[in-house]
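1. Below are the sequence and a predicted model for it; my questions follow.
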Amino acid sequence: MRVVIVGAGPAGLFAAHALSKQHRVTILERRGYVGGSGLHSDGKLNFHPKIGGDLTEFMSEGDAWALVQGIRDVFTGLGVEMAHSDEEGLRKLETQASQAGIKFIKIEQNHIGSDYLPDVIAKMQRRLEEHDVDIRLETAADEVVVEGGRAVAVSSDGESFEVDAVLLAPGRIGSGWLIEQLSSLGVGMSYNPIDVGVRVEVPNEVMDQVINGYGCWDPKFHLYTPSYDDFVRTFCVCPAGYVVREPYGDGLFGANGHSMKDTKSGNTNFALLARVSLTEPLENTTE
């Protein structure tokens, strides 16, 4: 089959990895590089089907764990060495958190580093191209062409890519385009809750036992606040890292963080997020 994937972020790249074994795959990427926003992260890997979304909404728990293991194998094949954690220490941390009314999520994790991640992504790009994946950079998808209830092509700046199937993975930067396409095609949409919060920075010593002692690079703590029963969680812990400004477009910026392998700071930062679901008049959390 001729498959066009819109977006060369993590979702598009892994889809191409799976599909190229049996099909002819073309990736359309509006920017001049692959990797999406993930390319500029610090490469945290959380090998758990319920972190970063819940895979069990779409498949059985056994299949979800098998998929996670397959992703782990891809990274291992790209030369990423897996980290080892202190299981006894993590169980102790789980108990301590519970005593404080907090749930600690024990996950197998790894960290590539902002300074090493571009090399890993470049290696993945080369392997996809070796399997005849046609990666078109600086090629923005304009429209999904539908005839008789089926996608038959994707247009881009006057060029038409004929398809038997299309997979749309444009990421956050393309979320507005995705919503426009689905709306014009009459495809129903639902919106996930939005997480709103702050990025906190503390001296490395505060988190040292958890991160280096127990080998938990990106600790996940979940709690419900006593006042309003809000769900709050830690996210994207950056040991010895840096707080950075992240542009969302239209002059809007947020705070993010990253960590590198070879360059360290004296502080660890992390996001502390509260989950908010929106209703009328603004249900669209992307907007």
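-> Alright, I've got the coordinates. Numbering: from 1, shown residues only.
2. rest of the way, CA atoms for contacts and neighbours
-> Fine.
3. Contact partners for the nearest residue to Thr56 once chain neighbours are set aside?
-> Nearest residue to Thr56 in three dimensions, chain neighbours excluded: Ala64, at 6.3 Å (Cα to Cα, 6 or more residues apart in numbering). Listed by Cα atoms under 8 Å, 6 or more residues apart in numbering, the contact partners of Ala64 are Pro49, Leu55, Thr56.
4. So for the second one, what's the pLDDT?
-> Put plainly, it is Leu55. Per-residue pLDDT puts Leu55 at 94.
5. Just list the residues touching it, thanks.
-> Here Leu55 is in contact with Pro49, Glu61, Ala64 (criterion: Cα under 8 Å, 6+ apart).
6. Could you let me know which of those ends up closest to Val25?
-> Within the contacts of Leu55, proximity to Val25 (Cα to Cα) peaks at Ala64, which comes in at 24.0 Å.
7. mind exporting the helix or strand containing that closest one as PDB, just the C-alpha atoms?
-> Assigned by DSSP states H and E, Ala64 belongs to helix 61-77. Only the C-alpha atoms of helix 61-77 are listed here, as PDB (Å, rounded to 0.1, in the frame of the first residue of the first chain):
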ATOM      1  CA  GLU A  61      -2.800  -4.600  28.500                       C
ATOM      2  CA  GLY A  62      -0.700  -7.400  27.200                       C
ATOM      3  CA  ASP A  63      -0.500  -5.900  23.700                       C
ATOM      4  CA  ALA A  64       0.300  -2.500  25.200                       C
ATOM      5  CA  TRP A  65       3.300  -3.900  27.200                       C
ATOM      6  CA  ALA A  66       4.500  -5.700  24.100                       C
ATOM      7  CA  LEU A  67       4.400  -2.500  22.100                       C
ATOM      8  CA  VAL A  68       6.400  -0.700  24.800                       C
ATOM      9  CA  GLN A  69       9.000  -3.500  24.800                       C
ATOM     10  CA  GLY A  70       9.200  -3.100  21.000                       C
ATOM     11  CA  ILE A  71       9.900   0.600  21.400                       C
ATOM     12  CA  ARG A  72      12.600  -0.100  23.900                       C
ATOM     13  CA  ASP A  73      14.200  -2.600  21.500                       C
ATOM     14  CA  VAL A  74      14.200   0.100  18.800                       C
ATOM     15  CA  PHE A  75      16.100   2.500  21.000                       C
ATOM     16  CA  THR A  76      18.500  -0.300  22.100                       C
ATOM     17  CA  GLY A  77      19.100  -1.000  18.400                       C
END
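8. After that helix, which helix or strand is next? Please name it.
-> Next element after helix 61-77 (DSSP H and E): helix 87-99.
9. Distance from that next one to the middle of the chain?
-> The gap between where helix 87-99 is centred and where its chain is centred comes out at 27 Å by Cα atoms, centre = their mean, to the nearest Å.
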